[in-house]
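Participant: let's see this in three dimensions:
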Amino acid sequence: MEIKNVKRISKITLITVVLCTVLINVAAGQSVFVGKAGAEGKVLRKYIEPMELKKLVDNPVDSIWIIDVRSEKAYLNGHIPTAKSFPSANIMSRLNEIPKDNYLIIYCTVGGMAKIVSKKLKKAGYKRYINWGGISRWEWEKETAVK
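Facilitator: I've put the predicted structure just below:
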């Protein structure tokens, strides 16, 4: 009976360690993505803090675009106010709509897709962008759209 308890405790310990490792990797992954900027996008770092982005949303600047790269459905269900929808699946076919001289604050669900889109934009010659991370960082009311 004692051996069964030891095996049970060992399994529980193993499961706990695995779960902790996964959670740590998820948390670390978020920080890797947030704040990555293009060559001329470093000036956007002041907007990395959610409160600073909120100030920008409340007082928009024409030369700074907030870009949501989640699916159109996710965008319609709730996005950061003033954000423009450019789903990652078709952003490359819509580059003619995104001026290269504008500053771009890119976000998605957790930051991973924004990182991928940032790399694609870099290859296309964009330099003024930053990965803001995931919409879960946005603490205020989201704007919704009905289509």
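
Participant: burial check on the closest residue to Leu95 other than its chain neighbours, number of neighbours?
Facilitator: Closest residue to Leu95 in three dimensions, ignoring its sequence neighbours and counting by Cβ to Cβ, 6 or more residues apart in numbering: Ala124, at 5.8 Å. From N, CA and C alone the C-beta is placed, and that goes for glycine too. Other residues within reach of Ala124 by the criterion other Cβ atoms under 10 Å amount to 12.

Participant: just checking, Ala124 touches Asn96?
Facilitator: No. Using Cβ atoms under 8 Å, Ala124 makes no contact with Asn96, being 10.8 Å away.

Participant: find residues that contact each of those two.
Facilitator: In terms of Cβ atoms under 8 Å, 6 or more residues apart in numbering, Ala124 and Asn96 are not both contacted by any residue.

Participant: from Gly38, how far out is the residue nearest to Leu95?
Facilitator: According to Cβ to Cβ, to the nearest Å, Ala124 and Gly38 sit 11 Å apart.

Participant: ditto for Thr13
Facilitator: Where Gly38 is concerned, Thr13 sits at a distance of 45 Å (Cβ to Cβ).

Participant: what is the least confident helix or strand in this protein?
Facilitator: Ranking every helix and strand in the chain by mean pLDDT, DSSP states H and E puts helix 2-33 at the bottom, with a mean of 64.

Participant: where do the helices of the chain begin and end?
Facilitator: 2-33, 50-58, 72-77, 112-123 (DSSP state H).

Participant: using CSV, list the CA coordinates for the shortest one.
Facilitator: As requested, C-alpha coordinates have been extracted for helix 72-77 and formatted as CSV (Å, rounded to 0.1, in the frame of the first residue of the first chain):
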residue,chain,number,x,y,z
GLU,A,72,-12.2,39.8,-38.8
LYS,A,73,-14.7,37.9,-36.5
ALA,A,74,-12.5,38.6,-33.5
TYR,A,75,-12.2,42.2,-34.5
LEU,A,76,-15.9,42.6,-34.9
ASN,A,77,-16.5,41.0,-31.5
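
Participant: many thanks, have a good one.
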